[in-house]
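Visitor: Give me a 3D structure for the following:
(one chain, ligands or ions: 1)
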Amino acid sequence: MNSKQAVLITGSSTGFGRLFTETLARKGHTVFATMRDPGGRNAKNAAEVRTLAEKDSLPIHVLEMDVTDDASVGRAVDAAIAKVGRIDVAINNAGYYLSGLGEAVTTEQAQRLMDTNFIGSVRVNRAVLPYMRRQGSGVLMHISSGAGRVVLPCAGFYCASKFALEALAEAYSYELAAQGIESVIVEPGQYETPVFGNTVMAADQARTDTYGAAKEIPAKVNGALSSTAGNAQEVADAVLRIIETPAGEKQLRYFVSPQDFGLNEINDLAKQVQTRVLAAFGLVADTKFLKGKAVGSV
Ligand SMILES: NC(=O)c1ccc[n+]([C@@H]2O[C@H](COP(=O)([O-])OP(=O)(O)OC[C@H]3O[C@@H](n4cnc5c(N)ncnc54)[C@H](OP(=O)(O)O)[C@@H]3O)[C@@H](O)[C@H]2O)c1
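Guide: The predicted structure is shown next:
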């Protein structure tokens with residue numbers, strides 16, 4: 001594979017997605033920076049990305065993509081293929097945080113969150129995989145979270161969306177290894193991005209009001225997350241290192257965090273148990289991925 005890769009990123013308007021776009025493009029990778037509504041709600045963000053690309057001659061193409069819309073995902077992937085003929089890396093980054101007591105989250109809010117944070121990756125992966133399988137190579141990257149492995153109160157639905165993403169990404173890693181396609185999971189801790197300002201709060205205030213002191217938990221959690229947030233460029237640098245790690249040598253999980261609260265211990269133990277589970281089901285030969293390293297930090 002050419003060392004310069006074609007990378008499609010979801011949710012590139014702000015935050016991590018925007019930083020990944022610039023960081024990867026500055027290293028010569030061709031980036032398809034996808035975002036919702038670049039002609040409307042994200043017009044300013046799209047213009048800034050295009051201006052940067054022009055000013056510094058960076059290989060960045062802004063494309064429209066709403067990860068909750070099959071047709072929109074398909075159009076963006078088709079446009080990227082029409083432009084360069086391949087997609088080497090798909091970074092599933094689009095997502096948001098939903099905060100509040102579980103009982104106060106409406107079913108509509110829960111469905112919308114899962115549709116973005118989880119099914120969004122399903123749509124993107126289904127759209128890019130036929131091309132990656134034809135190429136015999138590719139990387140599906142999933143921006144999960146520390147909250148994809150541990151649980152905070154009043155973040156239950158967000159955690160559920162990231163736990164779901166982790167499960168699917170791990171299953172893909174076993175299923176696709178034999179075809180030269182890697183599925184990797186990045187688990188950021190708390191980092192300074194617009195994510196905190198974009199947080200959606202549980203809508204059922206009447207239920208929240210019946211919880212007494214527990215209704216203060218969301219503010220406590222959110223305050224602790226934002227006040228300890230690290231520099232988001234650390235995550236972009238980690239993503240660059242991961243995609244530049246040769247095929248077959250990538251880990252399944254990468255925990256990247258300003259605080260070490262022991263997530264790698266969970267990941268190490270999970271790897272050991274998974275190995276035993278796959279062996280018990282006679283699946284080790286089918287999942288050659290397990291011969292390589294599966295967890296660790298970058
Ligand atoms: N920052 C952290 O501490 C942290 C920690 C762990 C994991 N994460 C994860 O990192 C990812 C990026 O978040 P961030 O921190 O960079 O926050 P952010 O700046 O709010 O970025 C979220 C991005 O997702 C996009 N998005 C939301 N719904 C979308 C949809 N339906 N279709 C396409 N794009 C959509 C947003 O686009 P719009 O501009 O159109 O809304 C935005 O570009 C998320 O998955 C988040 O869960 C963040």
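Visitor: make it CA atoms for all contacts and neighbour counts henceforth
Guide: Fine.
Visitor: Quickly note the distance from Val122 to Ala247.
Guide: 22 Å (C-alpha to C-alpha, to the nearest Å).
Visitor: Comparing these two, which residue is more hemmed in?
Guide: Val122 (19 against 15; other C-alpha atoms under 10 Å).
Visitor: Let me see the contact set for Gln259.
Guide: Contacts for Gln259 (C-alpha atoms under 8 Å, 6 or more residues apart in numbering) come out as Gly189.
Visitor: where does the stretch 1-150 of the chain come near the ligand, residue by residue?
Guide: For the stretch 1-150 of the chain, the residues in contact with the ligand (C-alpha under 6 Å from any ligand atom) are 10-17, 35-36, 65-68, 93-97, 116, 143-145.
Visitor: Tell me which of these fall in helices.
Guide: Members of those lying in helices (criterion: DSSP state H): 15-17, 116.
Visitor: can you put those residues in TSV and add neighbour count and pLDDT?
Guide: Shown next, in TSV, are those (neighbours: other C-alpha atoms under 10 Å; pLDDT from 0 to 100):
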residue	neighbour count	pLDDT
Gly15	19	98
Phe16	26	98
Gly17	23	98
Thr116	21	98
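Visitor: would Phe261 count as being in a strand?
Guide: No - the assignment for Phe261 (DSSP: H, G, I helix; E, B strand; the rest coil) gives coil, which keeps it out of a strand.
Visitor: what's near enough to touch it?
Guide: Contacts of Phe261 by C-alpha under 8 Å, 6+ apart: none found.
Visitor: repeat that for 10 Å
Guide: Contacts here follow C-alpha atoms under 10 Å, 6 or more residues apart in numbering; on that basis Phe261 touches 146, 150, 189.
Visitor: Quick check on the residues you listed: which are buried?
Guide: Buried members of the contacts of Phe261, scored by 16 or more other C-alpha atoms under 10 Å, are 146, 189.
Visitor: of the contacts of Phe261, closest to the ligand?
Guide: Gly189 (5.0 Å; C-alpha to the nearest ligand atom).
Visitor: Touching, the closest one and Gly262? I think so.
Guide: No - using C-alpha atoms under 10 Å, Gly189 makes no contact with Gly262, being 11.3 Å away.
Visitor: what residues do those two have in common as contacts?
Guide: Joint contacts of Gly189 and Gly262 (C-alpha under 10 Å, 6+ apart) are Phe255.
Visitor: Show me what the residue positioned nearest the centre of the chain bridges to in the sheet.
Guide: Of all residues in the chain, the one closest to the mean position by C-alpha atoms, centre = their mean is Ile143, 1.9 Å from it. Beta-bridge pairing of Ile143 under DSSP bridges involves Val186.
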